[in-house]
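Chemist: turn this into a model:
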Amino acid sequence: MEQDFVVGVDIGGQTTKIGIVDRKGNVVSEPHVIRSDKHTDEYLFFDDLIQAIDKLIAETNTGGKIKGVGIGAPNGNYYDGTIEHAPNLTWGGRKTIKVAEILSEKTGFPVTLTNDANAAAVGEMTYGAAIGMKNFIMITLGTGVGSGIVINGQVVYGHDGFAGELGHTTAVRYNGRQCNCGRVGCLEAYASAIGLARTAKEFMESHVDRDEYNQRSPLRDINGPITSKDVYMAAIQGDKLSQKVFDYTGMKLGESLADFVAFSAPQAIILFGGLAKAGDLIKKPTEQSMNENMLSIWKDKVAVIFSKLPESDAAILGASALAW
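Modeler: You can find the predicted model right below:
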């Protein structure tokens, strides 16, 4: 019997990753990466995406064997196949884009789309840390903060396809930071890679390193905007200010996770994405804060664990599963 394949597409705020996957969940080639933030017009982005898909099909000799395309995307609506009001996409803006319909017309393949964090959750449930779990929450810590909620083995979509926007629940009620979504005080403004960098900037402006530790942080020697990677590198080298930034970020994330546990009672919370690569720097303060703020019936009962899938493959695998 001839083998068939699907295409998995993970659209992120900065980059988009594309891979071809077989029925066993193997990504059969190195994923291609294109810039998501290169264009402000969605059709120019789609042109780049289609070229990348065509190139992958040619490289893997899977022409005529592709059954469909699955896409994980910010603000992706599973029911309608649309991306709606995605502030972290340069071409998303405050509009609805019929992604599945447009790409299906251009490629000839059936296209299914869901939220990027939901796609990651499906991949984790099928191939990673959530194998055998029926109740868990996937938290993606990247350019933004995404989430996929699984209850009784099913991804929660809600009546309109948008359930589970936990990154846009309120982490700071008064005098909170402006979030890209237009609201104030969202968790995303504190626990994303961008939020962590904002915390570092605020701490430097308040002279935390001088007043509390009497040392000059190496972050002060960086020319240009500070990134989350800069903070991580300084933290592992012993910079107290950078370590305090991670402690604060974990504290805010843990406070929110305690609230999330209260409504779905998950077996575990799985951390995924670029910021999760910081390991215990982010996990330890998050776990501590979560349990300090947890209702007693769940205290110390919910595990915080990291994704077991390679970051480049998790959302690709989850998205691809939609296309079978």
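
Chemist: separation between D37 and A129?
Modeler: Distance, D37 to A129, using C-beta to C-beta, to the nearest Å: 29 Å. C-beta here means a position set from N, CA and C on the backbone, and glycine is covered the same way.

Chemist: now do I149
Modeler: For I149, the distance to A129 equals 16 Å [C-beta to C-beta].

Chemist: let me know the distance separating A189 from R23.
Modeler: Counting by C-beta to C-beta, the gap from A189 to R23 is 40 Å.

Chemist: actually I137, sorry about that
Modeler: The spacing between I137 and R23, counted by C-beta to C-beta, is 28 Å.

Chemist: re earlier: which of A189 and R23 has more neighbours?
Modeler: A189 (26 against 12; other C-beta atoms under 10 Å).

Chemist: quick one: which helix or strand includes that one?
Modeler: helix 188-191 (DSSP states H and E).

Chemist: could you say what helices and strands that helix packs with?
Modeler: helix 193-205, helix 240-264 (3 or more C-beta pairs under 8 Å, 6 or more residues apart in numbering; DSSP states H and E).

Chemist: can you do 7 Å?
Modeler: Here helix 188-191 touches helix 240-264, going by 3 or more C-beta pairs under 7 Å, 6 or more residues apart in numbering; DSSP states H and E.

Chemist: just the angle for the helix it packs on relative to helix 193-205, thanks.
Modeler: Between the axis of helix 240-264 and that of helix 193-205 there is an angle of 140 degrees, by axes from the mean of the first three to the mean of the last three C-alpha atoms, to 10 degrees.

Chemist: next SSE after helix 240-264?
Modeler: Counting by DSSP H and E, the next helix or strand C-terminal to helix 240-264 is strand 268-272.

Chemist: sorry, back to before: between D37 and A129, who's got more neighbours?
Modeler: Higher neighbour count among D37 and A129: A129, with 21 against 16, using other C-beta under 10 Å.

Chemist: please report how far the more buried one lies from Y43.
Modeler: For A129 relative to Y43 (C-beta to C-beta), the value is 37 Å.

Chemist: ok, and the closest non-adjacent residue to the most centrally placed residue in the chain?
Modeler: Closest residue to the average C-alpha location of the chain: T140 at 3.3 Å, with C-alpha atoms, centre = their mean. Leaving aside its sequence neighbours, T140 sits nearest to G146 (C-beta to C-beta, 6 or more residues apart in numbering; 4.0 Å).

Chemist: any idea which helix or strand comes after the helix or strand containing that neighbour?
Modeler: For G146, the host element (DSSP H and E) is strand 145-151. Counting by DSSP H and E, the next helix or strand C-terminal to strand 145-151 is strand 154-155.

Chemist: can you list contacts of that next one?
Modeler: Residues outside strand 154-155 that contact it (C-beta atoms under 7 Å, 6 or more residues apart in numbering) are N118, A121, V122, G148.

Chemist: could you list the buried residues of the helix or strand harbouring E105?
Modeler: Using DSSP H and E, E105 sits in helix 99-107. Neighbour-count burial for helix 99-107 flags V99, A100, I102, L103, S104, T107 (criterion: 16 or more other C-beta atoms under 10 Å).

Chemist: could you identify the most distant pair in the residues you listed?
Modeler: Put simply, by C-beta to C-beta the two of the buried residues of helix 99-107 set farthest apart are V99 and T107, 11.7 Å from each other.

Chemist: for G161, give its distance to I226.
Modeler: G161 is 36 Å from I226, by C-beta to C-beta.

Chemist: that older thread, and for the residue nearest to T140, the neighbour number?
Modeler: The burial count for G146: 32, using other C-beta under 10 Å.

Chemist: show the contacting residues for it.
Modeler: G146 touches N115, D116, A117, T140, G167, counting by C-beta under 7 Å, 6+ apart.

Chemist: and these, which is closest to E287?
Modeler: T140 (17.8 Å).

Chemist: who does the closest one bridge with?
Modeler: Per DSSP bridges, the residues bridged to T140 are G146, F272.

Chemist: so it sits against G273, correct?
Modeler: Yes. In this structure T140 lies within contact range of G273 using C-beta atoms under 7 Å: 4.4 Å.

Chemist: spatially nearest residue to G63, not counting backbone neighbours?
Modeler: That would be I57: by C-beta to C-beta, 6+ apart, it lies 5.4 Å from G63.

Chemist: host element of that neighbour?
Modeler: For I57, the host element (DSSP H and E) is helix 42-60.

Chemist: so which bits of that helix are buried?
Modeler: For helix 42-60, by 16+ other C-beta under 10 Å, it's E42, F45, F46, L49, A52, I53, L56, I57, T60.

Chemist: residues contacting the fourth one?
Modeler: What that stands for is L49. Here L49 is in contact with T16, I34 (C-beta under 7 Å, 6+ apart).

Chemist: how about a cut-off of 6 Å?
Modeler: Going by C-beta atoms under 6 Å, 6 or more residues apart in numbering, L49 touches no other residue.
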